[in-house]
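Chemist: Just the structure for this:
(one chain, ligands or ions: 1)
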Amino acid sequence: MTEVHETGAAAACETRRACLTALLDGELPPHDATEVWAHLAECPACRRAWEELAAVRDLAAQWTMGDTPDLWPAVQAQIEPEPWETVMAELRQLRAETQALWGEVAQLRRELAARPTPPEASSRLLFPNGPAAPAGRRLV
Ligand SMILES: [Zn+2]
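Modeler: Model (predicted):
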């Protein structure tokens, strides 16, 4: 008889303890919450389990609150870049180099245009063994 009672009590405790997390989260229906609170008031073992659960919850809340360092940049640096990202980075680099080259070409054209050299002399300078440039026509 005692064994049956203890088994029944253990089953009652097991049922109530399965509800503790829901009770802590405020997700237990009011009638069930009232029943679990009543059991906690008279069962030291379940009350101890409830207090431990609440303590763990409080500790976890402290860990997740407050200023935490932004770990994403470090994680992102460890992640292998996507192939398209690598291609896009190369394209951006090529575009920058091309723009720099066009700038240099434009500068060289301005310098050549600013030279007071006659077209014929310029042609002879660039192509000493070639034919003379037609009169009045500049090479650049
Ligand atoms: Zn109990």
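
Chemist: Alongside the ion, which residues does the protein contribute?
Modeler: C13, C43, C46 (Cβ under 5 Å from the ion). (Glycine included, C-beta is placed from N, CA and C.)

Chemist: Which of those fall within helices?
Modeler: C13, C46 (DSSP state H).

Chemist: Export the residues of the chain next to the ion as CSV, with columns for pLDDT.
Modeler: Shown next, in CSV, are these (pLDDT from 0 to 100):
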residue, pLDDT
C13, 94
C43, 96
C46, 96
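
Chemist: now the residues of the chain next to the ion: which count as buried?
Modeler: Neighbour-count burial (16 or more other Cβ atoms under 10 Å) is assigned, among those, to C43, C46.

Chemist: Now distance to A74 too, for the residues of the chain next to the ion, in TSV please.
Modeler: Below are the residues of the chain next to the ion laid out as TSV (distance: Cβ to Cβ, whole Å):
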residue	distance to A74
C13	46
C43	48
C46	44
